[in-house]
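1. Just the structure for this:
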Amino acid sequence: MSPGTQVMMVLLFFISAYFIVGPLLFVLFAVVTDLPIPETEDGALDPLFAYTHAAIHFIAVFIMAILVFLKVTKQKFNLVFDIAKFSLKYFGIGLLAFFVFFFAANYLQVINQWLIDFIPNNSFYQMRAASEARHNAWFNPDIKSYFPFAIIIYAVLPAILEELIFRGIIMKNLIKMSGKVHFGVIVSSLLFAAIHMQPWNLLPMTAMAMLFGYIYHYSKDIRIPMLLHFINNAVQISLLFYFPGVMA
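-> The predicted model follows:
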């Protein structure tokens, strides 16, 4: 199976899992468990409900975009995803680059906002406000008992699954297809940012994904971008739970 076909296939499986299989599994779970749909005062879903919803979606993504993909393409996990001897050198470089990025992200967001202002009649700022309201309801000091679950569901699972899909499968196949590392890293990073459907965050997310992509390409170890991805998500979640003023 050609690299291009594999890219299209895993994207199709990912989208199907996220928008079809995941919601169906969640509805089935809600019916079987008689799960209520409570809401917070600002209309955001209750944290427990939201966490359950997210966990089931990630299960669907794992089944469809990884297990089914490997089955259909007749490939083995250890032959698709690179796992070399863990390199402290590349992890250190990645960690340093990540902290530089973490502080530079604000400037990228300013440019991002400047660019989306050129799009007439867009509703991106309303979408951003709604997203921030949801995060404030799900990750906040009033529900610190949820913190371990938030870390597992919103930091550990995305770090593993998204790196396997976007770096381990899509980026590698784009590089094979084009013969150009930069093409594979940039296009896979744009796809990564686009799939999150946060246009107000497009540039920061693309830059972060490019960092993960280059680290994976040179380290030949999928665990390193996974760790960096986890750190990124965990830092943001921790700040929302314990230092919400910093994120604001």
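2. So Met9 is in contact with Phe69, correct?
-> Yes. With contact defined as Cβ atoms under 8 Å, Met9 reaches Phe69; the gap is 6.4 Å. (Glycine included, C-beta is placed from N, CA and C.)
3. any idea where the helices of this structure begin and end?
-> 3-16, 22-33, 47-61, 69-73, 77-80, 88-116, 124-138, 147-151, 157-162, 172-178, 181-195, 202-219, 223-242, 244-247 (DSSP state H).
4. Give me the distance between the residue lying farthest from the centre of the chain and Phe49.
-> Within the chain, the residue lying farthest from the chain centre (Cα atoms, centre = their mean) is Asp34, at 29.3 Å. Distance from Asp34 to Phe49, counting by Cβ to Cβ, to the nearest Å: 13 Å.
5. For Val21, which non-adjacent residue is closest in space?
-> Ala60 (4.4 Å; Cβ to Cβ, 6 or more residues apart in numbering).
6. which residues touch that neighbour?
-> For Ala60, the contacting residues are Ala17, Tyr18, Val21, Gly22, Leu25, by Cβ atoms under 8 Å, 6 or more residues apart in numbering.
7. Kindly reformat those as a markdown table containing pLDDT, distance to His53 and neighbour count.
-> Compiled in a markdown table, the contacts of Ala60 are given as follows (pLDDT from 0 to 100; distance: Cβ to Cβ, whole Å; neighbours: other Cβ atoms under 10 Å):
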| residue | pLDDT | distance to His53 | neighbour count |
| --- | --- | --- | --- |
| Ala17 | 94 | 14 | 25 |
| Tyr18 | 90 | 12 | 17 |
| Val21 | 93 | 13 | 21 |
| Gly22 | 92 | 8 | 21 |
| Leu25 | 92 | 10 | 16 |
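8. tell me which of those residues is nearest to Ile116?
-> Nearest to Ile116 among those, counting by Cβ to Cβ, is Tyr18 at 23.5 Å.
9. Was I right to think the closest one contacts Phe62?
-> No. Using Cβ under 8 Å, Tyr18 is not in contact with Phe62; the gap is 11.6 Å.
10. shared neighbours, the two?
-> Shared contacts of Tyr18 and Phe62 (Cβ under 8 Å, 6+ apart): none.
11. still on that earlier bit, which one of the helices of the chain has the lowest average pLDDT?
-> If these are sorted by mean pLDDT, helix 244-247 sits at the bottom with a mean of 73.
12. which other helices and strands contact that helix?
-> helix 223-242 (3 or more Cβ pairs under 8 Å, 6 or more residues apart in numbering; DSSP states H and E).
13. Residues touching the helix it packs on, excluding its own?
-> 83, 86-87, 90-91, 94-95, 98, 102, 135-136, 139-141, 144, 147, 150-151, 154-156, 158-160, 162-163, 167, 208, 211-213, 215-216, 246-247.
14. Filter those down to just the buried residues.
-> 87, 90-91, 94-95, 98, 135-136, 139-140, 147, 150-151, 154-156, 158-160, 162-163, 167, 208, 211-213, 215-216 (16 or more other Cβ atoms under 10 Å).
15. Ignoring the adjacent residues along the chain, who's closest to Leu211?
-> Nearest to Leu211 is Ala97, by Cβ to Cβ, 6+ apart, at 5.5 Å.
16. Quick one: neighbours of that neighbour, just the number.
-> The number of residues packed near Ala97 is 16, by other Cβ atoms under 10 Å.
17. same check, this time on Phe166
-> Phe166, neighbours per other Cβ under 10 Å, totals 25.
18. Likewise for Phe49?
-> By other Cβ under 10 Å, neighbour count at Phe49 equals 19.
19. where's it relative to Leu190, distance?
-> Counting by Cβ to Cβ, the gap from Phe49 to Leu190 is 32 Å.
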